[in-house]
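> Whatever this is, show me its structure:
(one chain, ligands or ions: 1)
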Amino acid sequence: MSGDTAAQWMEPGDETQIVDRVVQEFTAQFGYAPAGVWSAPGRVNLIGEHIDYNGGACMPFAIPERTWVAAAARPDGMLRGVSLQESHGDVELPLAQVQPGLTARLPESQTWFGYVAGVPWALADTGEGITGADFAIDSTVPIGAGLSSSAALSCAVALASDALADARWERLGDTAEGRIRLAEACVRSENEIVRASTGGLDQAASLRSQEGAVLVCDFRSGESFTVDMGLEAAGYGILVIDTQTTHQLLDGQYASRRQACETAAERLGVQVLRDALPERVTPADVDEAMGDWYRRSGESADSETSRRLHHVFSEMERVQAVIDLFEGTPDADRWQRLGTILDASHASLRDDYEVSCPELDTAVDAARSAGALGARMVGGGFGGSAIALLPEPLMATAATRIAEAFAEAGFAEPRFLRAVPSQPGRRDR
Ligand code: GLA
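I've put the predicted structure just below:
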C-alpha cells in the first residue's frame with residue numbers, strides 16, 4: 001500500500017496546564033478550591049510479563065503519561081467524583097456503601113469511579129484513609145492501551161487520600177515502605193472493588209519507579225532496586241505502539257492464566273511458581289524445573305499447562321539475564337542481546353502463554369523490519385501495546401513503517417509514544 005500513512009504520535013502534554021485544568025474542573029464542579037493535586041504515571045514493562053502473580057521479578061518503568069487528581073477531604077463520609085475523560089460520569093456515593101463488587105453495581109457511565117472509591121475503602125480498613133473526599137480527574141494515559149491507566153488513577157487517588165487523611169502526621173507516600181502499603185491498597189481495591197485480578201506490577205511501577213531508571217521489583221520478597229540502563233546515552237530509545245485494539249474481556253483470559261499457574265504450583269508442591277526455581281535462574285534451571293514438572297504431572301511438553309509453565313519459568317530466566325546485562329561490566333553487544341531477549345519474550349507470550357493477537361504480532365514484526373533490535377507485547381495482552389527497542393535515529397521512520405503495516409493489514413490505526421523512564425506518583429500542587 002501507499003507510503004503516505006502518517007504515524008499518529010501521542011504527546012504527554014504541558015503539565016502546568018493540565019494541573020490548572022484539573023483545579024478549574026474541581027472548582028467548577030464542587031464550588032470551592034481543592035486542597036491539592038496529585039498525579040501518578042502509567043507504565044511499560046521492559047521484561048517480566050505475567051510473572052508478578054507467580055512471585056517473580058519484573059522490570060517496569062513509569063512513562064510520561066499520567067493521571068492527575070485534584071482533591072479535598074470531606075467530613076461527612078461522602079465520596080464525589082468528576083472526570084474530564086467521562087462526560088456523563090459525575091458520581092456521588094457514601095464511603096460506607098463501598099463494598100466488594102461495587103463496580104459491577106454501578107451504572108455503565110460510573111464504573112470508572114470504582115477505581116477511585118476502592119482506594120479510600122482499602123485504606124480505611126487499616127485506618128489509613130480519608131473518611132470522605134471530592135475528586136476531579138484528568139489523564140493523559142490512554143485508556144485500554146495496556147499502559148495501566150487504571151493503576152495511574154488508583155495510585156493518584158491513593159497519594160491524595162494518604163495526604164488528606166487527618167489521623168496521621170506521617171504520610172505513607174513519603175517513604176519507600178509506605179508506598180509499598182499504598183500500592184497494596186490499590187491492588188486490593190482493584191481485586192475486590194473492581195474485581196479485576198491485577199497482580200501488583202502496575203501499581204508498583206506507578207508508585208515505586210524512579211525517574212531515568214528501570215525498577216526491578218521482586219514480587220516474592222517485596223524488595224526492589226533500580227537499574228539505570230543508560231539507554232539514551234547509548235543512542236537508543238523505546239517506542240510504544242498502542243494497537244488501539246482490545247480483543248476479549250481481558251479479565252476472563254487473565255484470570256484463567258492465573259488459575260493455571262496456581263494449579264500448577266499446587267501440583268509442584270510450591271506456594272508460588274517462583275519457588276520451583278533457585279535464587280539465580282539459569283537456562284539449565286528452567287530445563288530442570290520443566291523436567292521435574294513432566295515427571296510429576298505426566299504431562300507432555302505440548303500440553304497447555306506445560307506451555308504456560310514454560311513461559312513463566314523462561315520469562316523468570318529472561319529477567320535474570322536482563323539484570324545481568326545491566327549490572328555487570330558494560331558489554332559492547334548488550335543492546336543486541338537485550339533485543340534478542342525481548343524477541344524471545346514475545347515468542348513465549350505468543351506461543352506458550354497465548355496472550356498475543358494479530359495486531360501485537362504485526363506491531364512487533366514491523367518494528368523489527370524497521371530496524372528494532374527487539375520488540376514485544378507488554379501488559380496483560382489480547383491487544384494493548386507493544387514496545388520496540390530502536391536506535392534513536394530510526395524511531396520516526398519505524399513508527400511510519402508500523403502504521404503502514406497496520407493499514408495494509410486493515411487494522412485500526414496505531415498510536416505511538418516514546419517511553420522515557422519518568423517520575424513516580426507525586427504531589428503536583
Ligand atoms: C496486567 C496486570 C499486571 C501483570 C500484567 C502482565 O497489567 O495488571 O499485574 O500481571 O498484566 O505482566
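> Could you report the pLDDT at the one residue in the stretch 251-400 of the chain that gets nearest to the ligand?
Closest to the ligand within the stretch 251-400 of the chain is residue 380: 3.6 Å, counting by Cβ to the nearest ligand atom. From N, CA and C alone the C-beta is placed, and that goes for glycine too. At residue 380, the pLDDT value in this model is 94.
> which bits of the stretch 251-400 of the chain sit near the ligand?
Residues of the stretch 251-400 of the chain found near the ligand (Cβ under 6 Å from any ligand atom) are 379-380.
> just the strands in this protein please.
8-9, 36-45, 57-58, 60-73, 78-83, 91-94, 133-139, 214-218, 224-227, 236-246, 374-377, 383-391, 415-418, 426-427 (DSSP state E).
> Low-confidence regions, the stretch 151-300 of the chain specifically.
Applying pLDDT under 70 to the stretch 151-300 of the chain picks out residues 167, 248-251.
> which residues of it fall in helices?
For the stretch 151-300 of the chain, the helices defined by DSSP state H, counting those that start in this stretch cover 176-188, 201-208, 250-268, 283-297.
> quick one on the thing from earlier: my understanding was that the residue of the stretch 251-400 of the chain closest to the ligand contacts residue 254; is that so?
Yes. Contact between residue 380 and residue 254 holds when scored by Cβ atoms under 8 Å: they sit 5.2 Å apart.
> Contact partners for the residue of the stretch 251-400 of the chain closest to the ligand?
Applying Cβ atoms under 8 Å, 6 or more residues apart in numbering to residue 380 gives the contacts 50, 146, 250, 253-254, 355.
> Going by distance to residue 188, which of those wins?
Comparing those against residue 188 with Cβ to Cβ picks out residue 254 as the nearest, at 17.0 Å.
> Which strands and helices lie in contact with the longest helix seen in the chain?
For the chain, the longest helix by residue count, based on DSSP state H, is helix 304-327. The contact analysis (3 or more Cβ pairs under 8 Å, 6 or more residues apart in numbering; DSSP states H and E) places helix 304-327 against strand 57-58, strand 214-218, strand 224-227, helix 250-268, helix 283-297, helix 334-351.
> what comes up buried for the last one?
Buried positions in helix 334-351, judged by neighbour count with 16 or more other Cβ atoms under 10 Å: 334-335, 337-339, 341-350.
> cool, the longest one as well?
Counting neighbours by 16+ other Cβ under 10 Å, one finds that the buried residues in helix 250-268 are 250, 253-254, 257, 260-261, 264-265, 268.
> do you know how far residue 160 is from residue 39?
The gap separating residue 160 from residue 39 is 9 Å, by Cβ to Cβ, to the nearest Å.
> tell me, what's touching those two both at once?
residue 69.
> These two: which is more packed in?
Between residue 160 and residue 39, residue 160 has the larger neighbour count (other Cβ atoms under 10 Å), namely 32 against 29.
> give me every residue that touches that one.
Each residue near residue 160 by Cβ under 8 Å, 6+ apart is listed here: 36, 38, 69, 71, 133, 135.
> Next one: it relative to residue 134, how far apart?
10 Å.
> what's the answer for residue 126, then?
Relative to residue 134, residue 126 is positioned 23 Å away (Cβ to Cβ).
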